[in-house]
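> Sequence and predicted structure below; questions after.
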Amino acid sequence: MIDFEEELKKFHPSLEVEDAEEAIYNQDLTDMADILIKMMEKPRTEE
């Protein structure tokens, strides 16, 4: 059986949409577009 009192002790409310959006956008994550841009900016040495 589920012990609701124990489960309530473990409960942490989720972030509101605005807070979650801010937390996600404030992370400095490199995506494929960033990698491709950096690759294109490098001078070509093999020609």
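Received it, and whenever you're ready, just let me know what you need.
> could I have the lowest-mean-pLDDT helix or strand in the chain exported to PDB, CA atoms only?
Every helix and strand in the chain was compared by mean pLDDT, DSSP states H and E; the lowest is helix 17-25, with a mean of 77. Provided in PDB are the C-alpha atoms of helix 17-25 (Å, rounded to 0.1, in the frame of the first residue of the first chain):
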ATOM      1  CA  VAL A  17       6.200  27.700 -16.500                       C
ATOM      2  CA  GLU A  18       8.000  31.100 -16.400                       C
ATOM      3  CA  ASP A  19      10.500  29.800 -13.800                       C
ATOM      4  CA  ALA A  20      11.200  26.600 -15.800                       C
ATOM      5  CA  GLU A  21      11.600  28.600 -19.000                       C
ATOM      6  CA  GLU A  22      14.100  31.000 -17.300                       C
ATOM      7  CA  ALA A  23      16.100  28.000 -15.800                       C
ATOM      8  CA  ILE A  24      16.300  26.300 -19.200                       C
ATOM      9  CA  TYR A  25      17.300  29.400 -21.200                       C
END
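> How far does that helix sit from its chain's centre?
Centroid separation between helix 17-25 and its chain, computed with Cα atoms, centre = their mean, to the nearest Å, is 10 Å.
> same thing with stretch 22-41?
For stretch 22-41, the separation from the chain centroid amounts to 11 Å (computed by Cα atoms, centre = their mean).
> Now do the buried residues in that stretch.
Using 16 or more other Cβ atoms under 10 Å as the test for burial, stretch 22-41 gives no buried residues. For the C-beta atoms, the positions are set from N, CA and C on the backbone; glycine is no exception.
> next structured bit after the least confident helix or strand of the chain?
helix 32-41 (DSSP states H and E).
> Could you name the helices and strands sitting against that next one?
Packed against helix 32-41, as judged by 3 or more Cβ pairs under 8 Å, 6 or more residues apart in numbering; DSSP states H and E, are no other helices or strands.
> May I have it as CSV, with CA atoms only?
The C-alpha trace of helix 32-41 is given here as CSV (Å, rounded to 0.1, in the frame of the first residue of the first chain):
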residue,chain,number,x,y,z
MET,A,32,24.7,21.4,-33.2
ALA,A,33,24.2,24.8,-34.7
ASP,A,34,26.9,26.3,-32.4
ILE,A,35,29.3,23.5,-33.3
LEU,A,36,28.7,24.0,-37.0
ILE,A,37,29.2,27.8,-36.7
LYS,A,38,32.5,27.3,-34.9
MET,A,39,33.6,24.8,-37.5
MET,A,40,32.8,27.2,-40.3
GLU,A,41,34.7,30.1,-38.6
